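**Student:** make a model of this:
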Amino acid sequence: MLRQLCTVLMLSTLAETAVAADGFSGHIEVGARETDVQGDEAKYKQYVNLDDGARVFGLQARFSPEERTGNTPDLVNLEAYGIGGEPFERMAAEVRKYDKYRFSYQRQQSDYFYEDILIRPKDASVESSTGGDFHQFDFERTREQATLALDLSKRSSLTLDFHRYDKEGDSTTVVDVEREEFEMEQPVDERFREATVGFEYAWDRVTVVVSESWQHHENDMRWLLPGFSLGSEPAEPTELDFFLLRQPYDSDAREHALNVLARPTDKLELAVAVRDIDLELDINVDESSQGLDFTGAPFARAEGGAGAIDRDTALVDVSAGYTLTKRWRLDAKLRRYATAQDGDLFFDGVRTASSWEIDNLGVDLTATVEAIDDLRLTLGWHMEKREVDFIETASGASLASDEDTDANGYYLQANYQPNPRARLTLSAEERRIDDPYTLASSTDSQRYRLRGSYRFDNGVSLTAILSRTDFENDNSGWESTTDQVDVRVAYAGERLQASAGVALVDIEHEIDQVVQGDILAFRQDLFLIRYEANSSFWDATLSYALDDRWRLQGSFRAYDNDGSFDVERDDIRAGVSVTLPQDYILDFGYRNIDYAEDDIEHFDADVWEMSLRINW
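**Tutor:** Alright, predicted model coming up:
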């Protein structure tokens, strides 16, 4: 802890030195954290993932020079949050010269960790596929974006944009080999790059934007079993001495885009967006394995191949809006998406070719009317038609599919606001889908939501929300229902701010799935799939200013779920903030997280934080 305090004091001294410079404004908040975790540390890392050590909790520096000649920037802004090992780090910088140029840079880095136990090992059944969750993830994601916008004239501008995304780390997955499941390593190594050039020209009533984008994506996918394994069921004959499957792929895409915004009259608005995307993807496959098959006979495989996919996608969006009167407005939107894809794969001497053609047409019509001064109604109708043609050829045999899907629906929204303090909102949406392409897609869906709020003169406000969502598929027989109730009360005073709320959520998913065991249907197994969740969320926050220097803060959040999974989580926070001389702000905070998932996993964590903030 002494080392961390020394680090905090050093950063604070540097920040105070920066304050002495003229033209700066902003703040820096540095501090340290100490944690104590009792129980399952993997579960703590999955849900909280806060570590010990010194941190830069927040930094914001803004510089606006007094003398601005030539290309000297009018504004330089720098922001950084969570620097020093936080699971989410963010940095941003901006340099701007008004009416000339603007440069911005953003960087986000996040850690993702997942390691879950869904069922006790003693209750696992390989035959029923209830052996738990063998998928684990531990990787880091980094996103960067740099943009340079140049104002060529009062009407035209040029934009250069670069986007980078990297994902690296480790994971595990399950692969089925010779009727047996094996847990394998699956390294994570994925990269994406995109560069875009855009040009915009604006007349008095028409604006045109054209852009070109180049994208490159790489994913080095591998499944690896480095040594001997008996699999998930040691009593079965299948064994593996080793297993390696490499399936890396990379793609290059070129996108052409055109956007036109027009306002021919004060009442009429038009918009057209056109995109054409050409993608080429290459994939290589190499598999090598050795062991015993499901009969106990030795086997050794060394197979490989390569493939390529060409995909062309065209997207067109046309929308129009017309204001008839002060109370009536009509909007219409037409969308057409078309995709054509051809692919070839050569694996172990066998060629497989496939071809996809997808044509999607959608229409939306919306009418908005202000029925009375305090009531606004929006009525909408949606129609969508999709045609899918697919053919696959392998070893002289062909498989073809031709599916047409029609969707129709409506939506309604009513907004009633008799005065600035009260508001009531009602929304309803229903959709019917005829012959969806997959059994996992719904054929019927309904969404209803009612929200009411009221703000009293004494600073108290009330909010209540009631919602229901229904999904079902007539072809496969699954149903899904979600009911939710939210109630919240808040108070905002000069020295006291407080809020409390509760959310109750009931979820039910069910399907009676019949699986045919052989081609003659002599064997049929019925799988009863049920998922239920009865969840409650309780929370309360409090912030009270004792005087101009001292402030107390606290919060409580509780989550409880009963049903298919029993989970309880309590999150308590308390803190005190004091303003020191020269407007330094010193914060002390404590947090306790108590998590329990049935009697399978549990952790109790204490987190202490101290930070010093300097404003200038």
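**Student:** which one is Arg79 nearest to, not counting chain neighbours?
**Tutor:** Slight slip there: residue 79 is Glu, not Arg. The spatially closest residue to Glu79, leaving aside those adjacent along the chain, is Ala92, at 4.5 Å (CB to CB, 6 or more residues apart in numbering). Just so you know, the C-beta spots here come from the backbone N, C-alpha and C atoms, and that holds for glycine as well.
**Student:** separation between the one you found and Thr463?
**Tutor:** Here Ala92 is placed at a distance of 32 Å from Thr463 (CB to CB, to the nearest Å).
**Student:** got the contact list for the residue nearest to Glu79?
**Tutor:** With contacts defined as CB atoms under 8 Å, 6 or more residues apart in numbering, Ala92 is in contact with 77-80, 104-107.
**Student:** what bridges to Arg455?
**Tutor:** Legend: beta-bridge partners of Arg455 under DSSP bridges are Ser461.
**Student:** measure the residue lying farthest from the centre of the chain to Glu609 for me?
**Tutor:** Residue farthest from the centre of the chain, counting by CA atoms, centre = their mean, is Ala297 at 46.4 Å. As judged by CB to CB, Ala297 and Glu609 stand 61 Å apart.
**Student:** try Leu230
**Tutor:** Leu230 sits 47 Å away from Glu609 when distances are taken as CB to CB.
**Student:** next one: Arg432
**Tutor:** Note on Arg432: its distance to Glu609, by CB to CB, is 53 Å.
**Student:** more neighbours: the two, which one.
**Tutor:** Taking neighbours as other CB atoms under 10 Å, Arg432 and Glu609 compare with Glu609 leading, 19 against 14.
**Student:** name the helices or strands packed onto whichever strand or helix holds that one?
**Tutor:** Using DSSP states H and E, Glu609 maps to strand 601-615. Here strand 601-615 touches helix 2-19, strand 24-39, helix 41-47, strand 53-63, strand 584-597, going by 3 or more CB pairs under 8 Å, 6 or more residues apart in numbering; DSSP states H and E.
**Student:** only alpha carbons, please: show that strand as PDB.
**Tutor:** C-alpha atoms of strand 601-615 as PDB (Å, rounded to 0.1, in the frame of the first residue of the first chain):
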ATOM      1  CA  GLU A 601     -20.100 -20.900  -7.000                       C
ATOM      2  CA  HIS A 602     -19.700 -18.100  -4.500                       C
ATOM      3  CA  PHE A 603     -17.500 -15.200  -3.700                       C
ATOM      4  CA  ASP A 604     -17.400 -12.300  -1.200                       C
ATOM      5  CA  ALA A 605     -15.200  -9.400  -2.200                       C
ATOM      6  CA  ASP A 606     -14.200  -6.200  -0.400                       C
ATOM      7  CA  VAL A 607     -12.900  -3.300  -2.400                       C
ATOM      8  CA  TRP A 608     -11.300  -0.100  -0.900                       C
ATOM      9  CA  GLU A 609     -10.500   2.900  -3.100                       C
ATOM     10  CA  MET A 610      -8.800   6.200  -2.400                       C
ATOM     11  CA  SER A 611      -8.400   9.000  -5.000                       C
ATOM     12  CA  LEU A 612      -7.300  12.600  -5.200                       C
ATOM     13  CA  ARG A 613      -8.900  14.900  -7.800                       C
ATOM     14  CA  ILE A 614      -7.400  18.200  -8.900                       C
ATOM     15  CA  ASN A 615      -9.500  20.700 -11.000                       C
END
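**Student:** list the buried ones in that strand?
**Tutor:** Using 16 or more other CB atoms under 10 Å as the test for burial, strand 601-615 gives 601, 603-605, 607, 609-614.
**Student:** can you check stretch 69-76 too?
**Tutor:** 73, 76.
**Student:** endpoints of it, how far apart?
**Tutor:** End-to-end distance of stretch 69-76 (CA to CA, to the nearest Å): 15 Å.
**Student:** these two touch, right, Glu392 and Ser398?
**Tutor:** Yes: counting by CB atoms under 8 Å, Glu392 touches Ser398, with 6.9 Å between them.
**Student:** what about these two, which has more around it?
**Tutor:** Ranked by neighbour count (other CB under 10 Å), Glu392 and Ser398 place Glu392 first, with 15 against 9.
**Student:** list the beta-bridge partners for the more buried one.
**Tutor:** Ser354, Leu399.
**Student:** one more: Trp223?
**Tutor:** Beta-bridge partners, per DSSP bridges, of Trp223: Leu245.
**Student:** nearest to Glu236, of the helices and strands packed on strand 601-615?
**Tutor:** Closest of the helices and strands packed on strand 601-615 to Glu236 is helix 41-47, at 29.0 Å (criterion: CB to CB).
**Student:** quick one: list the elements packing against the closest one.
**Tutor:** On a contact count with 3+ CB pairs under 8 Å, 6+ apart, helix 41-47 meets strand 101-115, strand 584-597, strand 601-615.
**Student:** closest to Val37 out of these?
**Tutor:** Among these, the nearest to Val37 by CB to CB is strand 601-615 (4.6 Å).
**Student:** in its sheet, what does that closest one sit against?
**Tutor:** In the sheet, strand 601-615 lines up with strand 24-39 (antiparallel), strand 584-597 (antiparallel) (DSSP bridges).
**Student:** any chance of those strands in CSV, with mean neighbour count, mean pLDDT and distance to Phe242 too?
**Tutor:** Converted to CSV, these look like this (neighbours: other CB atoms under 10 Å; pLDDT from 0 to 100; distance: least, CB to CB, whole Å):
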stretch, mean neighbour count, mean pLDDT, distance to Phe242
strand 24-39, 18, 91, 36
strand 584-597, 17, 94, 35
